[in-house]
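1. Next one to model:
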Amino acid sequence: MSGGVDSSLTAALLVELGHEVDGVTLRLWGGESDQGCCSVADVEDARRVADHLGLDHHVFNFGPDFDRQVVAPYIAAHAEGRTPNPCVECNRHLKFDRLLGRARALGFDAIATGHHARVVERPDGSRRIARGADGPKDQSYVLYMLDQAALAQVLLPVGALTKADVRERAAALGLRTAAKPDSQDVCFIQASSGRRGFLESRIELTPGRIVDAEGHTVGEVDAVELVTVGQRRGLGLRSRQEPSFVTAVDVAAATVTMGRKEELLDRDLTLTDLVWADRPASGPVLAQCSAHGEVRPGVLDGDVLAWDEPQLRVAPGQSVVLYDGDEVLGGAIVG
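-> All right, here's what the predicted structure looks like:
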């Protein structure tokens, strides 16, 4: 129970179904926060919803694990010029590993979350994550790391509902979070200081050159670590005659390379850290390269995804999730 409407209704739906339910809120980020789902107010909202539903409420402090497995890799990735996805890593290491392990140790049969996705059972008895009923709110992308052991003990009750349905049902039950805005930002990045403020207090940011495809200097950037492959704006290059995009970031050389959109197109993509829901896939797949990005067809051969049509380059460090229709086959990190 994060203190949001989705997890609040999840708890209520499980109670309605007759399950014995306890509410759990994770304390992850111990630093300053003015957004995300780690504030004192969010914990209080979760506690009060649990009380409204007659549930015991627990707060598990996973802060040290979060620092080690989410925050530290996030900082290290930026220092290398990569673009990490901390929400994916939080799900991988905390919500569906550390929490699931704690639940098993305490004798619970399953954990349930408010993610907009579904767990489907296939004819052979295996399970997969599938897209939620509300397309724009679908969160299957950030759950690609769940394997058979985890899927056997994960419930996603709101995945069959639209967001409007969730809010309507929460309001009808008198849940205090019914109209609470969604949390969509990284919990440890403050809105007031942003990514720059977070990183510059932890690593030394590197000023660098902006060069074109021929290596000619066309500008400067005050922090190479804050630049992302595919970025177009915010680099002070308004005088250029045609739109330019970041095609490469080299922190060691303190260089950002710009090019035309055509120079950002790739015919294939090399994947690392592949994980599968049940068994490795090969051949035709659908691939999604951001949380709400378009799905593109390609052919998977080992760790190389060959696009049917050239696609815009994906920033190193981002996740690529592979689908068969609406079902998640697995996913990987861009190398």
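2. need the contact list for residue 309.
-> Going by Cβ atoms under 8 Å, 6 or more residues apart in numbering, residue 309 touches residue 296. C-beta here means a position set from N, CA and C on the backbone, and glycine is covered the same way.
3. Measure how far the helix or strand containing it is from the centre of its chain, please.
-> Residue 309 is part of strand 304-312, with elements assigned from DSSP states H and E. How far strand 304-312 lies from its chain's middle: 22 Å, per Cα atoms, centre = their mean, to the nearest Å.
4. strands paired with it, and their directions?
-> Note on strand 304-312: by DSSP bridges, its sheet partners are strand 265-276 (antiparallel), strand 295-301 (antiparallel).
5. can you list the ones you listed in JSON lines and add distance to residue 318?
-> Rendered in JSON lines, the data for the strands paired with strand 304-312 read as follows (distance: least, Cβ to Cβ, whole Å):
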{"stretch": "strand 265-276", "distance to residue 318": "10"}
{"stretch": "strand 295-301", "distance to residue 318": "14"}
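6. Any chance of these in a markdown table with mean neighbour count and mean pLDDT as columns?
-> Formatted as a markdown table, the strands paired with strand 304-312 follow (neighbours: other Cβ atoms under 10 Å; pLDDT from 0 to 100):
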| stretch | mean neighbour count | mean pLDDT |
| --- | --- | --- |
| strand 265-276 | 15 | 97 |
| strand 295-301 | 16 | 98 |
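7. Now the strand holding residue 309: buried residues?
-> By 16 or more other Cβ atoms under 10 Å, the buried positions in strand 304-312 come out as 305, 307, 311.
8. Test of understanding: give the bridge partners of the second one.
-> For residue 307, the beta-bridge partners are residue 298 (DSSP bridges).
9. My understanding was that it contacts residue 267; is that so?
-> Yes - using Cβ atoms under 8 Å, residue 307 makes contact with residue 267 at a distance of 6.0 Å.
10. wait, residue 109 sits on residue 154?
-> No - between residue 109 and residue 154 there is no contact under Cβ under 8 Å: 11.0 Å.
11. Which residue of the two possesses the greater neighbour count?
-> More neighbours surround residue 154 than the other of residue 109 and residue 154, with 21 against 11 (other Cβ atoms under 10 Å).
12. check contacts around the more buried one.
-> Contacts for residue 154 (Cβ under 8 Å, 6+ apart) come out as 96, 100, 110, 111, 112, 113, 119, 146.
13. for the second one, what are its contacts?
-> The reference is to residue 100. By Cβ under 8 Å, 6+ apart, the contact set of residue 100 is 111, 150, 153, 154.
14. Checking my notes, it in a strand, right?
-> No - counting by DSSP: H, G, I helix; E, B strand; the rest coil, residue 100 is not found in a strand; it is helix.
15. and the chain, what are its domains?
-> 5-114+156-172, 204-259, 265-334 (automatic domain parsing).
16. Compare these and give me the one nearest residue 128.
-> Closest to residue 128 of the domains of the chain is domain 265-334 (Cβ to Cβ; 4.5 Å).
17. re earlier: among the contacts of residue 100, who's most crowded?
-> Neighbour counts for those, by other Cβ under 10 Å, peak at residue 154, which reaches 21 neighbours.
18. Pull the distance from stretch 159-168 to the chain's centre.
-> Computed by Cα atoms, centre = their mean, the chain-centroid distance of stretch 159-168 equals 21 Å.
19. what comes up buried for it?
-> Result for stretch 159-168 [16+ other Cβ under 10 Å]: buried residues 159, 161, 162, 163, 166, 167.
20. in the stretch 51-200 of the chain, which spans are helices?
-> 63-66, 72-79, 86-90, 99-105, 148-151, 163-172, 194-200 (DSSP state H, counting those that start in this stretch).
21. can you pull the buried residues of the fourth one?
-> Across helix 99-105, burial judged by 16+ other Cβ under 10 Å covers 99, 100, 102, 103.
22. Distance of the residue lying farthest from the centre of the chain relative to residue 183?
-> Distance to the chain centre peaks in the chain at residue 216, reaching 36.3 Å (criterion: Cα atoms, centre = their mean). Remark: distance between residue 216 and residue 183 (Cβ to Cβ, to the nearest Å) = 44 Å.
23. got the CA coordinates for stretch 245-255 in PDB?
-> The C-alpha atoms that make up stretch 245-255 are tabulated as PDB, following Å, rounded to 0.1, in the frame of the first residue of the first chain:
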ATOM      1  CA  PHE A 245      19.600  14.800 -31.900                       C
ATOM      2  CA  VAL A 246      22.100  13.300 -29.500                       C
ATOM      3  CA  THR A 247      23.500  10.200 -31.100                       C
ATOM      4  CA  ALA A 248      26.200   9.300 -28.500                       C
ATOM      5  CA  VAL A 249      27.400  10.300 -25.100                       C
ATOM      6  CA  ASP A 250      31.000   9.700 -24.100                       C
ATOM      7  CA  VAL A 251      31.700  10.800 -20.500                       C
ATOM      8  CA  ALA A 252      35.300   9.700 -20.500                       C
ATOM      9  CA  ALA A 253      36.000  11.900 -23.600                       C
ATOM     10  CA  ALA A 254      33.600  14.600 -22.300                       C
ATOM     11  CA  THR A 255      31.900  14.600 -25.600                       C
END
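24. what does that stretch contact?
-> Contact partners of stretch 245-255, identified using Cβ under 8 Å, 6+ apart, comprise 79-81, 206-211, 213, 224-225, 227-232, 235, 256-261, 263-264, 313.
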